[in-house]
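Asks: predicted model and sequence below, questions to follow.
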Amino acid sequence: MDKKNIGASRFMARFRGWIQAGAVLFTNLHLPNFIKGGIYQGKGKNVCVPGLNCYSCPAASGACPIGAFQAVAGSSKFRFSYYISGFLILLGVLLGRLICGFLCPFGWFQELLHRIPTRKLSTKKLRPLTYLKYVILLAMVVLLPAFAVNDVGMGDPFFCKYLCPQGVLEGAIPLALVNSGIRAALGKLFTWKLCILLAVTVLSVLFYRPFCKWLCPLGAFYALFNKVSLLRMKVDANACISCGKCTRACGMDVDVTKTPDHAECIRCGKCVLACPTGAVHFRYGFGDGSETKGTITAETNMEESN
């Protein structure tokens, strides 16, 4: 058992909330803009942040990767499109959905809402809805922006424009509060997206991260790399006592002992803290670091028979 790795894993999991708060602050450094009612438009906006963070947020220090990708998906003449694609693939290979669990502002927002004391509901029977985010990724982020383009080859940001609640939360509402011109321009589209935000807010109180599970195209993209990313979950079958505490602690409905690299795992580390023996922890590097109890049992039986 790698005690050093287990200790580091527990440290990360225990202080995840602070890491999330720091990530939100780092991606939204220009806080005075909330009072000024303007948007930061400096060179930082040429760089994408890893999580879902609206470009139109007054404090945003970088660009949202989903919004930026939609804008240039329809033409290869934009070098920025290659940069965004490469940036997302690199993050996916390095970290997988750890970004969802540690670095995404909207994920943190949903978790804060879920802490409101009320009855909590399970999403295990709603697992088919997890495939919806892949449909949204393909249709609204890739295909529609790629083919529905204007004269200069730029696509309409369909997801940001019609579905993403983060734009209303971080952009429209703060700007409208201090800018009368923006308030006067709000129309049916704002009302529609405000309803989506309210629905996600209510659902987040009852369910754990409903937007991440069912609707987020960025999470869907990172999920494609969970099985091949350098950062994964490892289960030490020798230390596992099959108590089931890790499975019960998981808000994403993942049994880490059976599928440690499941696409829905956001590497939040709740299973790490729940494990009484330290059998579950993070690992970083190449190769398959997971071990199954069945494999160990089979090997043990072979040794005994010999």
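Replies: On my side now, so go ahead. Owing to the predicted nature of the structure, the values given are computational and were not obtained by experimental measurement. Numbers count the residues shown, from 1 in each chain.
Asks: in this structure, which ranges drop under the pLDDT threshold?
Replies: 1, 74-81, 152-153, 287-306 (pLDDT under 70).
Asks: 80 instead?
Replies: Along the chain, segments meeting pLDDT under 80 span 1-2, 71-82, 148-155, 286-306.
Asks: can you name every helix or strand that the top helix by length along it contacts?
Replies: Using DSSP state H, we find that the single longest helix of the chain is helix 188-206. Contact analysis of helix 188-206 by 3 or more CB pairs under 8 Å, 6 or more residues apart in numbering; DSSP states H and E lists helix 105-114, helix 158-162, helix 210-214 as its packing neighbours. C-beta coordinates here come from the backbone N, C-alpha and C atoms, glycine included.
Asks: tally of neighbours for Asn33?
Replies: Residue neighbour count, defined by other CB atoms under 10 Å, stands at 19 for Asn33.
Asks: compute the number of surrounding residues for the nearest residue to it once chain neighbours are set aside.
Replies: Of all residues not flanking Asn33 in the chain, Pro58 sits nearest, at 3.6 Å (CB to CB, 6 or more residues apart in numbering). Neighbours of Pro58 under the rule other CB under 10 Å: 23.
Asks: equivalent analysis for Tyr131, please.
Replies: Going by other CB under 10 Å, the residues that sit close to Tyr131 add up to 11.
Asks: the one 3 residues further on too?
Replies: If you count neighbours by other CB under 10 Å, Tyr134 ends up with 16.
Asks: list the contacts of the spatially most central residue of the chain.
Replies: Nearest to the mean C-alpha position of the chain, by CA atoms, centre = their mean, lies Cys100 at 2.5 Å. Counting by CB atoms under 8 Å, 6 or more residues apart in numbering, Cys100 touches 51, 107, 212, 216, 218-219, 222, 266-267.
Asks: cutoff 7 Å now
Replies: Residues in contact with Cys100 (CB atoms under 7 Å, 6 or more residues apart in numbering) are 107, 212, 219, 222, 266.
Asks: surely the fourth one meets Arg97?
Replies: Looking back up the chat, that one is Tyr222. Yes: checked against CB atoms under 7 Å, the pair Tyr222 and Arg97 is within contact range at 4.7 Å.
Asks: so which of these two has more stuff around it?
Replies: Legend: neighbour count by other CB under 10 Å for Tyr222 and Arg97, higher for Arg97 (31 against 25).
Asks: tell me the contacts of the more buried one?
Replies: Arg97 makes contact with 219, 222-223, 226, 265-267, according to CB under 7 Å, 6+ apart.
Asks: same check, this time on Trp214
Replies: 129-130, 132-133.
Asks: from those residues, pick the one nearest Leu169.
Replies: Closest approach between these and Leu169, by CB to CB: Lys133, at 18.5 Å.
Asks: who wins for neighbours among the contacts of Arg97?
Replies: Going by other CB under 10 Å, Gly219 tops the contacts of Arg97 with 29 neighbours.
Asks: and the gap between that residue and Ala73?
Replies: Distance of Gly219 to Ala73, computed by CB to CB, to the nearest Å: 18 Å.
Asks: Arg127 now?
Replies: From Arg127 to Ala73 the distance is 29 Å (CB to CB).
Asks: more crowded one of these two?
Replies: Ala73 (24 against 12).
Asks: wait, the more buried one touches Val142, no?
Replies: Yes: using CB under 7 Å, Ala73 makes contact with Val142 at a distance of 6.3 Å.
Asks: apart from its neighbours in sequence, what residue is nearest Phe225?
Replies: Gly92 (3.3 Å).
Asks: ok, the one you found touching Lys227?
Replies: No: with contact defined as CB under 7 Å, Gly92 does not reach Lys227; the gap is 10.7 Å.
Asks: between the two, who's got more neighbours?
Replies: Gly92 (20 against 14).
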